[in-house]
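Visitor: Sequence and predicted structure are below.
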Amino acid sequence: MSSWGGQVLILWRFHISVEDDKIFVGIDVSLASSAVCVLDERGQILKQAQIVSEPEAYISFLSDLPWPIEAIGLEPGPLSQWLHRGLQEAGFELILMETRQVKAVLKAMPVKTDRRDAEGIARLLRMGWFRPVHCKSVSAQEMRALLSARKAVQKALLDIEQSLRGVLRNFGLKLGPVSKIRYEERIRELVAGNSALEAASAAILRARAVLRSELSAFERRVLALARHDDACRLMMTMPGVGAVVALTVRSAIDDPRRFHSSRDIGPWAGLTPRREQSGERDVSGRITKAGDASLRTAWFNAATVLMHRARPCWLKAWGLQVAKRRGQKRATVAVAGRIGVVLHRMWLDGTEFCMKRCSKRSPRYSGYRLTLRHDRKEEVQQLLAGFSLPRRGPHRDAVPGNAGYDAAAEQSVRARFPDRHPGTDLTDIM
């Protein structure tokens, strides 16, 4: 009899029935195999096993359990989204648990094994002390795969160019500032006459040409994908936000409705200050850097472009005011967080970015001047026919004494439009 079978036998001997108990399943996933631990409501281990990291093996194991399943949990990882999709199609609800929180709990164990990690995950599920993580849709995963491949090719291209600079520097050949177009020509000028350097640089230049061609293909694919996505087109109306930033935000957030408020975007992306308080000690440090690093990088790059190269807008003016008080770097981080909030709200509302900040008054006001619909404007003209209402300016106090002034008519008009600003002159808006 297996060890887990002996544990079930012990529960039966003490007359503790587990047939109707709800169970919690913790899974520690690795590339080849996964450790599974099953707990009951009292925290007793009912079963432990080692299964293959395949959706079919998971479904077979969970289907054979004789107890009703309350929750199934695992940490997010390279295989978690694939396993989540397979189990969901089979009718099992899988919970992805926030990695930092789970890691902090499992770190307290003196002995760390896959079996103990699965037990720790199951106990966290039973206590409810975890933070669920959103599982991205297939389209979001495909966007992220495209962006990751583009980033890898771009990084390889930069690395190979810098490596060639380093090789030539050993011989006193300085490349200096050069454009992408003149890079190859400048290299050939420097290595001319040296057969060894010509052979070495020729191989690197051929590899560079291939990487540049592939990077251009990725750029065209990214631009086409952003043009055909409604959310990306809305985001790209903000200065500093291009196709790469828009697709990064689109793939990272995936579903904007999963956030209760747009202000939750900053803490979720790790762009809020870290705080450590104990007794009389209260320290606010750097940003937490929790969440998606590529999303923070995209917002920071967009904020940098907005602060230095974009045309004037209300967000840039706000960032420059922060820079005067707290410095340029902190202002850029603050603008990056605010860009995330604004992009999320634009995505939810389906509105484009406004270069000028909208008034806090009703949308029908522009400053102190009321903007009426055409039908209401004609109604006001009919009501005001034959009357002279008070005007703005230095003679405003003397208006009641003017000929033709009718206070009752003004009261009637103002009663018909109670949402109008009290200081607005109706005759000025006709």
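Guide: Cool, the structure landed. Numbering: from 1, shown residues only.
Visitor: Let me see the mean pLDDT of stretch 285-298.
Guide: Regarding stretch 285-298, the rounded mean pLDDT is 92.
Visitor: Just the endpoints, please. Distance across that stretch?
Guide: End-to-end span of stretch 285-298 (CA to CA, to the nearest Å): 22 Å.
Visitor: ditto for stretch 49-61
Guide: Terminal residues of stretch 49-61 lie 9 Å apart, using CA to CA.
Visitor: Buried residues, that stretch. List them.
Guide: Ala49, Ile51, Ser53, Pro55, Ala57, Tyr58, Ile59, Phe61 (16 or more other CB atoms under 10 Å). For the C-beta atoms, the positions are set from N, CA and C on the backbone; glycine is no exception.
Visitor: that's a helix at Ala226, yeah?
Guide: Yes - Ala226 sits within a helix when classified using DSSP: H, G, I helix; E, B strand; the rest coil.
Visitor: Determine how far the helix or strand Cys37 falls within lies from the middle of the whole chain.
Guide: Taking DSSP states H and E as the definition, Cys37 sits inside strand 33-39. Distance, stretch centre to chain centre, for strand 33-39: 32 Å (CA atoms, centre = their mean, to the nearest Å).
Visitor: Could I get the average pLDDT for the host helix or strand of Val210?
Guide: Taking DSSP H and E as the criterion, Val210 maps to helix 195-227. When pLDDT is averaged over helix 195-227, the result is 95.
Visitor: Where do the strands of the stretch 251-400 of the chain begin and end?
Guide: Counting by DSSP state E, counting those that start in this stretch, the stretch 251-400 of the chain has strands at residues 273-278, 281-287, 365-366, 369-370.
Visitor: just the ones you listed: most buried one?
Guide: With neighbours taken as mean count of other CB atoms under 10 Å, those reach their highest mean count in strand 369-370, at a mean of 16.
Visitor: mind checking pLDDT for the residue lying closest to Val133 once chain neighbours are set aside?
Guide: Excluding the flanking residues, the one nearest Val133 by CB to CB, 6 or more residues apart in numbering is Leu96, at 4.2 Å. As predicted, Leu96 sits at a pLDDT of 93.
Visitor: What backbone torsions are found at Leu96?
Guide: The phi and psi values for Leu96, taken as degrees, to the nearest 10, are phi -90, psi 120.
Visitor: Which residues in stretch 253-272 does the neighbour count mark as buried?
Guide: Buried residues in stretch 253-272, defined by neighbour count with 16+ other CB under 10 Å: Ile253, Asp254, Pro256, Ser262, Ile265, Gly266, Trp268, Ala269, Gly270, Leu271, Thr272.
Visitor: For stretch 148-165, output the C-alpha coordinates as CSV.
Guide: Extracted in CSV, the C-alpha atoms of stretch 148-165 (Å, rounded to 0.1, in the frame of the first residue of the first chain):
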residue,chain,number,x,y,z
SER,A,148,9.2,39.1,-27.4
ALA,A,149,10.6,37.7,-30.7
ARG,A,150,11.0,41.2,-32.0
LYS,A,151,12.9,42.3,-28.8
ALA,A,152,15.2,39.2,-29.0
VAL,A,153,16.1,40.0,-32.6
GLN,A,154,16.7,43.7,-31.7
LYS,A,155,18.9,42.8,-28.8
ALA,A,156,20.9,40.3,-30.9
LEU,A,157,21.4,43.0,-33.5
LEU,A,158,22.7,45.6,-31.0
ASP,A,159,24.9,43.0,-29.3
ILE,A,160,26.5,42.0,-32.6
GLU,A,161,27.2,45.6,-33.5
GLN,A,162,28.7,46.3,-30.2
SER,A,163,30.9,43.2,-30.3
LEU,A,164,32.3,44.3,-33.7
ARG,A,165,33.1,47.7,-32.2
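Visitor: And for it, what's in contact with it?
Guide: Here stretch 148-165 makes contact (CB atoms under 8 Å, 6 or more residues apart in numbering) with 175, 183, 187, 201, 204-205, 207-208, 211-212, 214-215, 218-219, 222, 244, 294.
Visitor: What's the ChimeraX syntax to select whichever of these are buried?
Guide: The buried subset of the contacts of stretch 148-165, as determined by 16+ other CB under 10 Å, is captured in ChimeraX by this line:
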select :175,183,187,201,204,205,208,211,212,214,218,222,244
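Visitor: biggest separation within the buried residues of stretch 253-272, which pair?
Guide: Pairwise distances across the buried residues of stretch 253-272 (CB to CB) peak at 21.0 Å, for the pair Asp254 and Thr272.
Visitor: now Ser33, which residues is it bridged with?
Guide: Beta bridges link Ser33 to Val52, judged by DSSP bridges.
Visitor: The residue nearest to Val133: neighbouring residues, count only.
Guide: Taking other CB atoms under 10 Å as the criterion, the count of residues near Leu96 is 20.
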